[in-house]
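[1] Just need the structure, nothing else, for what follows:
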Amino acid sequence: MTLYINAQSERELQSIRKAAPHALLLTGPEGIGLSTIGKAYANDIAPTVWVVLPEKNDTVDLVAGTITVDSIRRLYDSTKTIEPKGRVIVIDYAERMAIPAQNAFLKLLEEPIAGTTFVLLSHKPELLLPTITSRSQRVDIRPISPQQSEALLDEYAVNDPTIRTQLLFIASGRPAELIRLIKDSDYFASRVAIIKDARSLLSESSYQKLLLAKKYKDDRSTALLLLEDAMKLLRRTVAEKGSESSLRVLERFEQAHRRISEQGNVRLQLSAVAVAT
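    Okay, the predicted model is just below:
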């Protein structure tokens, strides 16, 4: 299977590989493929790769799990053994480390272990302690090109032009998201429905928009997707037509998205957008 990665990001990783940093921090939006890219990098530099994942009730849980201080302490003990040919420890969803776990992890960064490299993967690096990020070489993984996205669709034999257009819009250069959409028809259908509502949020009457605010009021993550899709549509309009009115509306949507992300009232923020636009 082809590794789909932005060309510039790939060049940065190749350059960093030669420098052999003790710790690498890969960041990027959900669906960009951090896990795939991080593991590919790890397998390229050492024969032994350990992956640390969030857990809940001693079971891997990527939705609600955390990386506890006990997990990091066990990792610390494990690294005391020498790995002659080198090893890479990949910490996926690194921002899920609780603060005590992050403090414990600092010990590993401050006391370099010969032959051991750390790769941290994070969609929210701002949740990591500055003392961790400052000790890590950071690479932001960018979206892949439209040509790469088209090639991925060809690889999966997606031939329907309408479906291809929808997939490309939703994924927006995020290969892991594109693959998920291709493989999970229910998820794809739900995302198409949200895009339809996003268009309505931009074009329908205030009454219809307020009904949408009510529809999404109890699901923060889906409400954020609704706003993100609307913002993508608005950015396209601004890019194509240079519309000042669309730019002002976009600013209102960005403000609502930020406030909802910061735990603001979902219905209140969506209603404010509905009335203002």
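
[2] Tell me where the model's unsure across the stretch 101-250 of the chain.
    Within the stretch 101-250 of the chain, no stretch has pLDDT under 70.

[3] Residue 231 against residue 257, yeah?
    Yes. If you go by C-beta atoms under 8 Å, residue 231 and residue 257 touch, sitting 7.0 Å apart. C-beta coordinates here come from the backbone N, C-alpha and C atoms, glycine included.

[4] Now do the helices in the protein.
    7-19, 34-45, 69-78, 99-110, 130-133, 146-155, 161-171, 175-183, 185-203, 206-216, 220-241, 244-261, 266-276 (DSSP state H).

[5] For the last one, list every residue counted as buried.
    By that I understand helix 266-276. 266, 267, 269, 270, 271, 272, 273, 274 (16 or more other C-beta atoms under 10 Å).

[6] Equivalent analysis for the second one, please.
    Residues 34, 35, 36, 37, 38, 39, 41, 42 are the ones in helix 34-45 that count as buried (16+ other C-beta under 10 Å).

[7] Which strand residues bridge the nearest residue to the last one once chain neighbours are set aside?
    With sequence-adjacent residues excluded and distances taken as C-beta to C-beta, 6 or more residues apart in numbering, residue 42 is closest to residue 88, at 3.8 Å. Taking DSSP bridges, one obtains residue 49, residue 117 as the residues bridged to residue 88.

[8] Could I get the contacting residues of residue 88?
    Contact analysis of residue 88 by C-beta atoms under 8 Å, 6 or more residues apart in numbering lists 41, 42, 43, 45, 46, 48, 49, 50, 116, 117, 118, 119.

[9] Turn the helices of the chain into CSV, columns for distance to residue 61.
    Output for those, formatted as CSV (distance: least, C-beta to C-beta, whole Å):
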stretch, distance to residue 61
helix 7-19, 28
helix 34-45, 15
helix 69-78, 13
helix 99-110, 15
helix 130-133, 22
helix 146-155, 28
helix 161-171, 25
helix 175-183, 18
helix 185-203, 19
helix 206-216, 25
helix 220-241, 16
helix 244-261, 22
helix 266-276, 24
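
[10] what's in contact with stretch 215-226?
    If you take C-beta under 8 Å, 6+ apart as the criterion, stretch 215-226 is touched by 191, 194, 197, 198, 201, 212, 257, 260, 261, 266, 267, 270.

[11] how long is that stretch end to end?
    With C-alpha to C-alpha, to the nearest Å as the measure, the ends of stretch 215-226 fall 11 Å from one another.

[12] quick one: buried residues of it?
    By 16+ other C-beta under 10 Å, the buried positions in stretch 215-226 come out as 216, 217, 222, 223, 224, 225, 226.

[13] what's the closest of those residues to residue 24?
    The closest of the buried residues of stretch 215-226 to residue 24 turns out to be residue 224 (C-beta to C-beta; 28.6 Å).

[14] OK, contacts around residue 97?
    Counting by C-beta under 8 Å, 6+ apart, residue 97 has contacts 66, 67, 72, 91, 105, 128.

[15] Next: residue 206.
    274, 275.

[16] Can you tell me how far it is from residue 264?
    Distance, residue 206 to residue 264, by C-beta to C-beta, to the nearest Å: 21 Å.

[17] Equivalent analysis for residue 87, please.
    With C-beta to C-beta as the criterion, residue 87 and residue 264 are 44 Å apart.

[18] which of those two has more neighbours?
    residue 87 (22 against 15; other C-beta atoms under 10 Å).

[19] on that earlier part again, could you provide the contacts of residue 97 in JSON lines, with additional columns for neighbour count?
    Converted to JSON lines, the contacts of residue 97 look like this (neighbours: other C-beta atoms under 10 Å):
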{"residue": "66", "neighbour count": "15"}
{"residue": "67", "neighbour count": "23"}
{"residue": "72", "neighbour count": "23"}
{"residue": "91", "neighbour count": "28"}
{"residue": "105", "neighbour count": "28"}
{"residue": "128", "neighbour count": "20"}
